[in-house]
Every structure is written in C-alpha cells, then in structure tokens.
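[1] Sequence and computational prediction follow.
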Amino acid sequence: MNRCLCIAIAFGILFLTGCANRHLYHQMPVLADLKVTLVDTAWDGRTIPAGQQCRRDGGHGATPAIRVANIPPEATQLLMEFSDKSFIPMDNGGHGIIGYHLQPGTTEVLLPSIPGQTFDLPEPFFVVSAHRRAAWDTPGAYLPPCSGGKGNYYYVTVKALYAPDRLEQMPQLLGRGKVNLGRY
C-alpha cells in the first residue's frame, strides 16, 4: 500500500477515535461571570477621584469599595488584582493582589475600601502579593494609581476561588469579573 495512503488512514483513525472518546479528555469548567461594581459614586470608572493617587503624587489612596455578586457558593476566597493596563510592568496585578476570605455559601459581598500603601489589612483581607514598585513609592499590599497624571488606565480583576484546607490540593478558579477604575 502507498506510504502516503497509510499515513492518511492512520491519522483518520486517530481523528475518529479522538472524536468518539471526547469524554476521556479533561474539560475546563465554565467560570462564573462575577458581577463587579464600584459602590462609591466618586469612583465613576472613567477618572480616578482626586486624592486617590499614591503618596508620591500627593494622594492618600485607598481601594474603592466594590460589590461582587454572582459568586459561586463553593467559593472560599476572592482575589482582587489591581492593575495599570498602560504600563506593562504594573499590569496583571502589579498594583497588588489582595485576598478576602468568604463565609461558606456567600454569593454576594460588599468589599469595603481599605488604605493603600500598607501591609496592615483588616480581617478578613489578606496580602497575596505586594505591589511591584516598592522602590517607586511606599511599599504595601496596594499601590494607588501612581502615573503622575499621564492618563494611564487602571482596573481591578476579581477572581472567586475554592481554596482547600489541605496544602497538597490546588485551589480552583470558579469565577472572574473586572471593573474599570478609571484613568489618571
């Protein structure tokens, strides 16, 4: 038999077998679409409010109060990743990643505002990753917008996780949402 024909038949068998046995492959779960909204009207999602900048830029910024809804009841934690989309080193959580422990069965929560540029967070908040520019301004869990007013775009991504009590088990991502903080 022609070698090319044999290869084509082999690939065809592999393709058909793979399609017939799809249930054998790991399928990613569908993530919940978290509904994330800013609570304080000073935070309009377009412009960072006056005074909510970093200390270097003359502010005493704090995280905005955020409402998170549509949380899967299995979630045990929320993670808030604060980011500057305009400055790659500070994107993807570069302004700090803060966690929040959830009570069992929580499906909606109001996350109060917490001060920036400190590691002293109230319970049930906890530091996951400090902001990445400690040498730029005061170290801490959250660095408020700090671009010097160049029009950078800031946002926060919120993730719902099931974090098992046992260290050998991996956390599971259950949902994700995002809200724009504004430009500064």
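    Sure, I can see it.
[2] mind checking the longest strand of this structure?
    Criterion DSSP state E: the longest strand present in the chain is strand 172-183.
[3] Please, where are all the helices along the chain?
    All helices of the chain, identified by DSSP state H, fall at 3-20.
[4] G105: what's its closest spatial neighbour, skipping adjacent residues?
    Nearest residue to G105, sequence neighbours excluded (C-beta to C-beta, 6 or more residues apart in numbering): P73, at 4.8 Å. The way it works is simple: take the backbone N, C-alpha and C, and place the C-beta from them, glycine included.
[5] Point out where this protein drops to low pLDDT.
    Where the chain drops to pLDDT under 70, the residues are 1-28.
[6] Now do stretch 129-144: distance to the chain's middle.
    How far stretch 129-144 lies from its chain's middle: 17 Å, per C-alpha atoms, centre = their mean, to the nearest Å.
[7] Stretch 171-183 now?
    For stretch 171-183, the distance to the chain centre is 4 Å (C-alpha atoms, centre = their mean).
[8] separation between the nearest residue in space to P115 that is not next to it in sequence and E123?
    Nearest residue to P115, sequence neighbours excluded (C-beta to C-beta, 6+ apart): A62, at 4.9 Å. Using C-beta to C-beta, to the nearest Å, A62 is found at 17 Å from E123.
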